[in-house]
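> When you get a sec, could you give me coordinates for this:
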Amino acid sequence: MKRAVLAAAVFMAPLIVSADPLPSWATSDSKDQIIAFVDAVTDPHSTEYVTPAERIAVFDNDGTLWAEQPVYFQLTFAMDRLAEMAEADPSTLSTPTLKAAAQGDLNAIVEGGHNALVEVLNASHSGLSVEEFQASVAKWLGTARHPDTGLPYDQMTYQPMVELLRYLRDEGFRTYIVSGGGLHFMRVFAEDAYGIPPEQVLGTYTGTTYETADGKPTILKAPGIAFVDDKEGKPINIERTIGRRPILAGGNSDGDFAMLEWTTAGHGPRLAILVHHTDAEREWAYDRESPIGKLVDGLDKGPDLGWVIVDMAQDWDRIYTGAN
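Numbers count the residues shown, from 1 in each chain. Model (predicted):
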């Protein structure tokens with residue numbers, strides 16, 4: 001009798017099923033490889049176990065954590081800010097490049113190359129305290145909408161990648177952004193959008209100065225670029241700022257190649273994740289010929305290096321956090 005009661009109790013007990021840590025990822029080799037890696041490095045009984053102190057994961061932002069087409073969102077912010085500045089003081093637009101930018105003429109900036117871009121960034125990003133600049137970014141994010149999707153820019157984060165960041169932190173990883181985007185720009189939204197605090201955001205930064213105005217100490221953004229956090233600059237900035245080589249890195253373009261290459265060249269278990277934009281229906285499809293997010297080396301060399309190449313169209317059931 002006791003055996004029968006025990007058997008019935010076991011039969012009727014609810015099954016304990018682990019929740020899917022990546023619900024917006026389709027069942028695929030990419031998802032399996034990521035979960036297998038995390039399981040291995042967090043299992044104390046595994047030969048590939050990595051202590052929590054060494055569980056560092058770094059991610060590019062533009063094109064990896066949020067969208068980047070048809071132009072980097074920070075440049076859109078810069079052009080919108082110039083237009084706003086011109087309403088208050090038309091003399092702000094002192095050159096043809098600045099006038100074109102304020103009118104949203106992206107082609108003129110592209111044709112002007114690096115010098116035109118720096119001119120637009122200097123005019124829109126400098127001469128403000130860091131707090132004033134970040135307040136203007138927050139205001140813009142609260143009102144601006146993407147011309148194609150109609151979504152707020154900070155809702156065009158990729159839901160599968162937001163889940164991946166959360167999953168990694170749940171498993172004892174520290175997650176960092178290492179992006180060519182502006183440091184002070186990204187720090188405005190990174191914590192709300194990704195759960196990544198400002199001190200774990202690495203990016204391109206302008207010169208800054210320390211001044212006291214009316215008895216108030218202030219850090220001002222100066223013209224010019226002090227450091228470009230792109231290509232070889234990414235591993236350099238990681239080493240300088242974090243002080244540990246990551247065991248996991250994610251990117252989407254050749255600007256991220258050095259970061260992924262350096263990460264996976266270290267000793268012990270390593271993982272590189274390369275997001276390939278293949279979904280022209282739900283997002284955009286681009287790689288080798290794109291002026292934004294160009295991807296050649298990662299496609300050609302990544303598979304032989306053991307990198308996980310994420311096919312957005314096949315591997316993601318959902319794209320944006322702000323839309324189904």
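> ok, which stretches of the stretch 101-250 of the chain are helices?
Along the stretch 101-250 of the chain, the segments classed as helices by DSSP state H, counting those that start in this stretch run 106-125, 130-143, 159-170, 183-186, 190-194, 233-241.
> now the ones you listed as TSV including mean pLDDT, distance to T209 and mean neighbour count?
Placement of C-beta: from N, CA and C, glycine included. As requested, the helices of the stretch 101-250 of the chain are exported to TSV (pLDDT from 0 to 100; distance: least, Cβ to Cβ, whole Å; neighbours: other Cβ atoms under 10 Å):
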stretch	mean pLDDT	distance to T209	mean neighbour count
helix 106-125	91	14	16
helix 130-143	98	11	15
helix 159-170	98	34	20
helix 183-186	98	14	23
helix 190-194	98	24	19
helix 233-241	98	21	18
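> what's the closest of the ones you listed to H267?
Of all the helices of the stretch 101-250 of the chain, helix 233-241 sits nearest to H267, with 15.5 Å by Cβ to Cβ.
> Export that closest one to CSV, keeping only CA atoms.
What follows is helix 233-241, C-alpha atoms only, in CSV (Å, rounded to 0.1, in the frame of the first residue of the first chain):
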residue,chain,number,x,y,z
GLY,A,233,41.2,50.4,-30.7
LYS,A,234,38.6,48.0,-29.1
PRO,A,235,41.0,45.4,-27.6
ILE,A,236,43.4,48.3,-26.6
ASN,A,237,40.6,50.0,-24.7
ILE,A,238,39.5,46.8,-23.1
GLU,A,239,42.9,46.0,-21.9
ARG,A,240,43.4,49.6,-20.6
THR,A,241,40.0,49.9,-19.0
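> Which elements pack onto that helix?
Of the remaining helices and strands, those touching helix 233-241 by 3 or more Cβ pairs under 8 Å, 6 or more residues apart in numbering; DSSP states H and E are strand 174-182, strand 201-213, helix 257-264.
> The second one: partners in the sheet, and parallel or antiparallel?
The reference is to strand 201-213. Partner strands and pairing direction for strand 201-213 (DSSP bridges) are strand 174-182 (parallel), strand 216-227 (antiparallel).
> between these, which gets nearest to W262?
Minimum separation from W262 across the strands paired with strand 201-213 (Cβ to Cβ) falls at strand 174-182, 10.9 Å.
> relative to helix 233-241, how tilted is the closest one?
Angle of strand 174-182 versus helix 233-241, following axes from the mean of the first three to the mean of the last three Cα atoms, to 10 degrees, is 130 degrees.
> that older thread, columns distance to T95 on top of the helices of the stretch 101-250 of the chain, output as a markdown table?
Formatted as a markdown table, the entries for the helices of the stretch 101-250 of the chain read as follows, by distance: least, Cβ to Cβ, whole Å:
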| stretch | distance to T95 |
| --- | --- |
| helix 106-125 | 7 |
| helix 130-143 | 21 |
| helix 159-170 | 38 |
| helix 183-186 | 23 |
| helix 190-194 | 32 |
| helix 233-241 | 28 |
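> Distance check, the spatially most central residue of the chain against Y176.
With distances taken as Cα atoms, centre = their mean, the chain has N61 as the residue nearest its mean C-alpha position (1.5 Å). According to Cβ to Cβ, to the nearest Å, N61 stands 11 Å off from Y176.
> what about the stretch 151-300 of the chain, any weak spots by pLDDT?
By pLDDT under 70, the stretch 151-300 of the chain contains no weakly predicted segment.
> er, the stretch 1-150 of the chain I mean
Across the stretch 1-150 of the chain, the stretches falling below the confidence threshold (pLDDT under 70) are 1-18.
> now the strands: where do they sit in it?
56-59 (DSSP state E, counting those that start in this stretch).
> so the closest residue to P246 other than its chain neighbours bridges to which residues?
Spatially, and ignoring its direct neighbours in sequence, P246 is nearest to I56 (4.2 Å; Cβ to Cβ, 6 or more residues apart in numbering). With DSSP bridges as the criterion, I56 is bridged to R174.
> Report the contact partners of I56.
In this structure, I56 makes contact with F173, R174, Y176, I242, R244, R245, P246, I247, L248, judged by Cβ atoms under 8 Å, 6 or more residues apart in numbering.
> out of those residues, who has the most neighbours?
When neighbours are counted as other Cβ atoms under 10 Å, the busiest of these turns out to be P246, with 29 neighbours.
> got a list of what it touches?
By Cβ under 8 Å, 6+ apart, P246 lies in contact with I56, A57, V58, Y176, I238, T263.
> JSON lines please, covering these and showing distance to D192.
Converted to JSON lines, the contacts of P246 look like this (distance: Cβ to Cβ, whole Å):
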{"residue": "I56", "distance to D192": "22"}
{"residue": "A57", "distance to D192": "19"}
{"residue": "V58", "distance to D192": "20"}
{"residue": "Y176", "distance to D192": "16"}
{"residue": "I238", "distance to D192": "24"}
{"residue": "T263", "distance to D192": "26"}
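> Go through these and name the one nearest P198.
Sorting these by distance to P198 puts Y176 at the head of the list, at 11.2 Å, by Cβ to Cβ.
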